[in-house]
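Colleague: Next input, structure requested:
(one chain, ligands or ions: 1)
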Amino acid sequence: AEPSNGAKIFEANCASCHIGGGNILISQKTLKKEALSKYLENYDSDSIQAIIHQVQNGKNAMPAFKGKLSHEDILEVAAYVFQNAEQGW
Ligand code: HEM
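Modeller: This next block holds a predicted model:
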């Protein structure tokens, strides 16, 4: 199947650090469900919004994407991350 727009945005902007839903810089802070629940603020109450917040603002060694990606692209990549976290990458 054609990769979704979210998948393309992830490959182009995120996979360099988060290939396979991992984290090459801080190995425990992956994009897997258990790690998001443990480390990402508000993930349990509002998962997509919590991912959007992280992407817009960045954190520590992760760059901010606000102004680099459109709001729609950020929404689509956040939905892609959430779906893969639910499905287990
Ligand atoms: C953490 C998503 C790009 C480095 C995270 C987290 C999310 C996320 C959801 C929280 C994970 C957790 O706490 O378990 C994304 C998305 C990206 C992206 C969707 C593309 C739009 C990048 C890039 C880098 C990077 C390019 C490396 C240059 C990191 C680091 C953390 C992190 C170091 C841990 C931050 C901390 O808590 O200190 N990312 N990321 N990310 N990401 Fe990204």
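Colleague: Any buried residues in the longest helix seen in the chain, and which?
Modeller: When the chain is parsed with DSSP state H, its longest helix is helix 71-87. The neighbour-count check on helix 71-87 (16 or more other C-beta atoms under 10 Å) flags 73, 74, 75, 76, 77, 78, 79, 80, 81, 82, 84, 85 as buried. Using the backbone N, CA and C atoms, a C-beta is placed for each residue, glycine as well.
Colleague: Can you check the pLDDT for the residue nearest to the spatial centre of the chain?
Modeller: The centroid of the chain falls nearest to residue 81 when counting by C-alpha atoms, centre = their mean (4.8 Å). Per-residue confidence (pLDDT) for residue 81: 98.
Colleague: go on, residue 2?
Modeller: Confidence score, pLDDT, at residue 2: 88.
Colleague: Checking it next. Helix, strand or coil?
Modeller: coil (DSSP: H, G, I helix; E, B strand; the rest coil).
Colleague: just checking, the residue nearest to the centre of the chain touches residue 32?
Modeller: No: using C-beta atoms under 8 Å, residue 81 is not in contact with residue 32, being 10.2 Å away.
Colleague: Between these two, which contacts overlap?
Modeller: Common contact partners of residue 81 and residue 32 (C-beta atoms under 8 Å, 6 or more residues apart in numbering): residue 21.
Colleague: hmm, back to that, I'd like the distance between the residue nearest to the centre of the chain and the ligand.
Modeller: 5 Å (C-beta to the nearest ligand atom, to the nearest Å).
Colleague: Now do the contacts for that residue.
Modeller: 6, 10, 14, 21, 31, 51.
Colleague: now residue 86
Modeller: Here residue 86 is in contact with residue 33 (C-beta under 8 Å, 6+ apart).
Colleague: Mind pulling up the pLDDT for it?
Modeller: At residue 86, pLDDT is 98.
Colleague: pLDDT below threshold where in this structure?
Modeller: For the chain, not a single residue meets the criterion pLDDT under 70.
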